[in-house]
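[1] Have a look at this fold, sequence not included:
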């Protein structure tokens, strides 16, 4: 069984972040014999004054494999961990989807996309989750985190959204790498030209002039590069990645 | 930061300078770094993103306490 798991709104200004908690849940799943697990993705949601996010309104998602009968064990394990570590004053939400490869998730994906540009309610989330038999649970506070948790699953199923947590964390800045060298990093599936969205040849040199991240694009972890005026390819900076907007990935 | 403790979306040099002089600066987790300079208000745990930029929540909390 493939399942998606996403959490949101677990932190406050002084606590550990939601991404760290997602990784802790992932590690607990593995130590309990489940897995393998995917990389964790960070999904940026709508920034709006009517949404009570802590600092950046993003949710954290991954998928994994487990025996068919273990869904309730996984939910219990994640719920217990959230109840234990979620920060005071936070509004944590958990979403777990048992994935059906032949299922139609278009409205779940639409929910995820909508959460990037509109203010949604818990009722919207509960209604959408109910139609797919998705587990959604509140773990304290207002429970508003269920909205972002469901949106994160929708966006991960969509396969064209989210930065890979921890990607290129240890890469050398201001160094040239060939595409072959970059693809040796486990979090790099493809290196694509930003303009054409076509793969660059294995020998193309990319200057990692700044911190960059791989992003989910067509269900792959992709590093986008842009051709500078001098003809040299450069990695995309974080601000540029976040300015691409949701339509870029369509 | 300005009097309102707010910086625009891309005021990188000001974010760096302000953070260097700030005793409350606390680096956020790596996935939330946006500015190239590690010490920057844009990479601080206490900044909150808004539609127009970032706001310093530490300063906001201190103003509320007084």
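    Received the coordinates, thanks. The shown structure was predicted, so the numbers you read here are calculated from the model rather than taken from an experiment. Residues are numbered from 1 along each chain as shown, chains lettered A, B, ... in the order given.
[2] Quick one: name the residues of chain B near chain A.
    Proximity of chain B to chain A (Cβ under 8 Å from any Cβ of the partner chain) is limited to residues B:10, B:28-36, B:45-51, B:57-58. The way it works is simple: take the backbone N, C-alpha and C, and place the C-beta from them, glycine included.
[3] Residues of chain A that sit close to chain B?
    Within chain A, the positions lying close to chain B (Cβ under 8 Å from any Cβ) are A:13-14, A:17, A:19-20, A:42, A:47-49, A:53-57, A:163, A:165-166, A:169, A:210-211, A:213, A:237-239, A:242.
[4] about what we covered before: for ChimeraX, write the selection for the buried entries among the residues of chain B next to chain A.
    Selection of buried members from these for ChimeraX, criterion 16 or more other Cβ atoms under 10 Å in any protein chain shown:
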select /B:28,29,30,31,32,33,34,35,36,45,46,47,48,49,57,58
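[5] Keep only those of the residues of chain B next to chain A that are in helices.
    Using DSSP state H, the subset of the residues of chain B next to chain A located in helices is B:57-58.
[6] Tell me which entries of the residues of chain B next to chain A lie within strands.
    Among the residues of chain B next to chain A, the ones falling in strands (DSSP state E) are B:47-49.
[7] Residue A:119 is in contact with residue A:147, correct?
    No. Using Cβ atoms under 8 Å, residue A:147 makes no contact with residue A:119, being 9.2 Å away.
[8] Please identify which of the two sits among more neighbours.
    Neighbours were counted for residue A:147 and for residue A:119 using other Cβ atoms under 10 Å in any protein chain shown; residue A:147 has more, 30 against 13.
[9] coming back round to it: just the buried ones from the residues of chain A next to chain B?
    Buried members of these, scored by 16+ other Cβ under 10 Å, are A:13, A:17, A:19-20, A:42, A:47, A:53-57, A:163, A:165-166, A:211, A:213, A:237-238, A:242.
[10] Can you flag which of those belong to strands?
    A:42, A:163.
[11] Among the buried ones among the residues of chain A next to chain B, which are located in helices?
    Short answer: those in helices (DSSP H) are A:19-20, A:238, A:242.
[12] so what's the one residue sitting closest to the centre of chain A bridging to?
    In chain A, the residue lying closest to the centroid (Cα atoms, centre = their mean) is residue A:41, at 2.3 Å. Following DSSP bridges, residue A:41 is listed with bridge partners residue A:61, residue A:164.
[13] What are the boundaries of the helices in chain A?
    Using DSSP H, helices in chain A cover A:18-31, A:71-85, A:106-114, A:122-131, A:145-158, A:179-182, A:238-243.
[14] which secondary structure elements does the fourth one contact?
    Okay, so that is helix A:122-131. Applying 3 or more Cβ pairs under 8 Å, 6 or more residues apart in numbering or on different chains; DSSP states H and E, one finds that helix A:122-131 makes contact with helix A:106-114, strand A:135-138, helix A:145-158.
[15] Deepest-packed of the ones you listed, please.
    Comparing those by mean neighbour count (mean count of other Cβ atoms under 10 Å in any protein chain shown), helix A:145-158 ranks first with a mean of 30.
[16] what packs against that helix?
    In terms of contacts (3+ Cβ pairs under 8 Å, 6+ apart), helix A:145-158 is packed against strand A:2-8, strand A:41-44, strand A:58-65, strand A:93-98, helix A:106-114, helix A:122-131, strand A:135-138.
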